[in-house]
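In: Fold the following for me, if possible:
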Amino acid sequence: MKTPLPAIVLAAGQASRMGRAKQLLRVGDNTLLQLAAERARMATCLAPIVVTGARHELMETDLATQDVHLVHNPDWESGMGSSIAAGVQQLRYWHPAADGCLITLVDQPLVTIAILDRFVNAFRKSRPAIVAASYQETLGVPAIFSRTLFAELEALRTGGGAKKVIGKHRSQVLAMACPEAGFDIDTPEDWELLLRNQRNK
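Out: The predicted model follows:
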């Protein structure tokens, strides 16, 4: 029997550069938040932990019909590290036997279920400390972290994000080519580019 490999979806930011809640922007019939949560659930076969911060009530309403665990991070303004820490803390409670966790972002719409499946399969096969996306000459999320790093992820409360842990353990990282992770939705121009590319398909 496989041990659990739950996912944490980070959706706590205010999206100040977008000027509105980018988590609730719609792609077809779904919001970016719904897409990220569903893809994480399909890849791990578990209800994902969705960490919210700004506009928590709107996120809660948006996910009302989805199978997720919602975690509100009241310290979301201190940075992504605090949201990772909040998610891992709850993950330890809901999945005490988890041998790792998948961390994804709500604003990477090109990261599909198939990509996340590839990460999960690589982790289960090779058992590295970290499986991380490789894009634009960097390593980042989506990424899977072994349970041996949970304490370090929880210690991110005071600054830094997933890249801080990845960089510290670079020799133990299995890098997965994932150019799709290099496109995220931060500005209205990013959003228009995504919609334009979809219309041209």
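
In: residue boundaries of the strands in the chain?
Out: Taking DSSP state E to define them, one finds strands in the chain at 7-11, 26-27, 30-31, 49-52, 69-72, 100-105, 130-135, 138-146, 173-177.

In: all helices of the protein, in order?
Out: 32-44, 56-62, 80-94, 113-126, 150-154, 162-168, 188-199 (DSSP state H).

In: between the strands of the chain, which gets the lowest average pLDDT?
Out: Note on those: strand 26-27 shows the lowest mean pLDDT, a mean of 88.

In: any chance of the strands of the chain in a markdown table, with distance to residue 20 and mean neighbour count too?
Out: All C-beta atoms are positioned from the backbone trio N, CA, C, and that covers glycine. Converted to a markdown table, the strands of the chain look like this (distance: least, CB to CB, whole Å; neighbours: other CB atoms under 10 Å):
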| stretch | distance to residue 20 | mean neighbour count |
| --- | --- | --- |
| strand 7-11 | 14 | 29 |
| strand 26-27 | 12 | 13 |
| strand 30-31 | 12 | 18 |
| strand 49-52 | 16 | 28 |
| strand 69-72 | 20 | 19 |
| strand 100-105 | 17 | 25 |
| strand 130-135 | 26 | 23 |
| strand 138-146 | 23 | 23 |
| strand 173-177 | 32 | 17 |
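
In: picking up where we left off before, columns mean neighbour count on top of the helices of the chain, output as a markdown table?
Out: Formatted as a markdown table, these follow (neighbours: other CB atoms under 10 Å):
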| stretch | mean neighbour count |
| --- | --- |
| helix 32-44 | 22 |
| helix 56-62 | 16 |
| helix 80-94 | 22 |
| helix 113-126 | 16 |
| helix 150-154 | 17 |
| helix 162-168 | 19 |
| helix 188-199 | 13 |
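
In: which one is the residue nearest in space to the middle of the chain nearest to, not counting chain neighbours?
Out: Note on the chain: the residue nearest the mean C-alpha position is residue 104, at 1.4 Å, using CA atoms, centre = their mean. Distances taken as CB to CB, 6 or more residues apart in numbering place residue 142 nearest to residue 104, at 4.7 Å, with adjacent residues excluded.

In: Please verify my assumption that residue 180 contacts residue 114.
Out: No - counting by CB atoms under 8 Å, residue 180 does not reach residue 114; the two are 10.1 Å apart.

In: Tell me where the chain is predicted with low confidence.
Out: 1-2, 15, 19, 158-159, 201 (pLDDT under 70).

In: try 90
Out: 1-4, 13-22, 25, 27-29, 54-56, 76-80, 157-162, 185-201 (pLDDT under 90).

In: Against residue 48, how distant is residue 101?
Out: 10 Å (CB to CB, to the nearest Å).

In: same deal with residue 148?
Out: Residue 148 is 21 Å from residue 48, by CB to CB.

In: ok, back up a step: can you pull up the bridge partners for the residue nearest to the centre of the chain?
Out: Beta-bridge pairing of residue 104, defined through DSSP bridges, involves residue 9.

In: how close does the residue nearest to residue 165 when sequence neighbours are not counted sit to residue 195?
Out: Leaving out its chain neighbours, the residue that sits closest to residue 165 by CB to CB, 6+ apart is residue 152, at 5.3 Å. Going from residue 152 to residue 195 by CB to CB gives 38 Å.
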